[in-house]
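Novice: model this:
(2 chains)
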Amino acid sequence: NAGVTQTPKFQVLKTGQSMTLQCAQDMNHNSMYWYRQDPGMGLRLIYYSASEGTTDKGEVPNGYNVSRLNKREFSLRLESAAPSQTSVYFCASSGGRVSYEQYFGPGTRLTVT
Amino acid sequence: AQSVTQPDIHITVSEGASLELRCNYSYGATPYLFWYVQSPGQGLQLLLKYFSGDTLVQGIKGFEAEFKRSQSSFNLRKPSVHWSDAAEYFCAVALHGNKLVFGAGTILRVKS
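Specialist: Numbers count the residues shown, from 1 in each chain, chains lettered A, B, ... in the order given. Down below sits the predicted model:
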């Protein structure tokens, strides 16, 4: 099992460019999440998907969109990147035997110049 | 609103010394509580969790945590720290709907 995988690992964008961060899990989990991590602020939830076909906003959704493509995949899109979106982005999934336990991907380090 | 506070941004301990990382939460009901560890450049790994029952829980890598309802705390401890424990540690509380709220993290440095 690969667990939770994320692509790309690193990305540099110019202000106004768009991109999609990809996430996939092979644990047959129902729920998936996107977080951003900024120094001194812990992880903040951007969007989550409780099950295939549903998505909901988290704490900091502005400037982002998501798609739950199928049970395995959950993508995060930045339509018009801004320097404030420079961050490390983590995808996570949950819904195994212990549904509150979340498993994290390795992260994507995004810099917007 | 629910929140998680980790009062210490940085902690430095000597190798072989004991460790305690503090976590306080604000939540109306009995929460589900977690500690995660993040090594540099890596994702988060679950160290341990508390759902119910025995308030002292054991985790991986020799860590343990104690839930104290009266103090709204869930402090992480280790009797003897190893250099490889240097990392950032996050406390988290689970809300309904399977969402987690994280503390800001504590960076642990280990002196040799």
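Novice: bridging residues for the residue nearest the centre of chain A?
Specialist: Centrality entry for chain A: nearest residue to the mean C-alpha point is residue A:34, 2.9 Å, by C-alpha atoms, centre = their mean. When bridges are called by DSSP bridges, residue A:34 pairs up with residue A:47, residue A:91.
Novice: Please apply the same query to residue A:65.
Specialist: residue A:77.
Novice: Do I have it right that it meets residue A:80?
Specialist: No. Residue A:65 is not in contact with residue A:80 according to C-beta atoms under 8 Å; the separation is 11.0 Å. Heads up, the C-betas are built off the backbone N, CA and C, glycines and all.
Novice: that older thread, how about the contacts made by the residue nearest to the centre of chain A?
Specialist: A:21, A:23, A:45-48, A:58, A:64, A:66, A:74, A:76, A:89-91 (C-beta atoms under 8 Å, 6 or more residues apart in numbering or on different chains).
Novice: Quick one: these as CSV, columns for neighbour count and pLDDT too.
Specialist: Formatted as CSV, the contacts of residue A:34 follow (neighbours: other C-beta atoms under 10 Å in any protein chain shown; pLDDT from 0 to 100):
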residue, neighbour count, pLDDT
A:21, 23, 98
A:23, 25, 98
A:45, 21, 94
A:46, 23, 97
A:47, 22, 96
A:48, 25, 93
A:58, 17, 93
A:64, 19, 98
A:66, 24, 98
A:74, 28, 98
A:76, 22, 98
A:89, 23, 98
A:90, 25, 97
A:91, 28, 97
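Novice: What's the separation between residue A:68 and chain B?
Specialist: 14 Å (C-beta to the nearest C-beta, to the nearest Å).
Novice: Would you check that residue B:74 makes contact with residue B:20?
Specialist: No. In this structure, residue B:74 is not within contact of residue B:20 by C-beta under 8 Å, at 11.6 Å.
Novice: Could you pull out the strands in the chain for me?
Specialist: All of this is about chain A. A:4-7, A:10-13, A:19-25, A:31-37, A:43-49, A:56-57, A:64-68, A:74-78, A:87-94, A:103-104, A:108-112 (DSSP state E).
Novice: Actually, chain B is the one I wanted.
Specialist: Counting by DSSP E, the strands of chain B are B:3-5, B:10-14, B:19-21, B:24-26, B:32-38, B:44-50, B:56-58, B:64-68, B:73-78, B:87-94, B:100-102, B:106-111.
Novice: Relative to residue A:41, which of these is closest?
Specialist: strand B:100-102 (8.9 Å; C-beta to C-beta).
Novice: Tell me if I'm right that residue A:17 and residue A:81 touch.
Specialist: Yes. Assessed by C-beta under 8 Å, residue A:17 is found in contact with residue A:81 at 5.3 Å.
Novice: which of those two has more neighbours?
Specialist: residue A:81 (21 against 14; other C-beta atoms under 10 Å in any protein chain shown).
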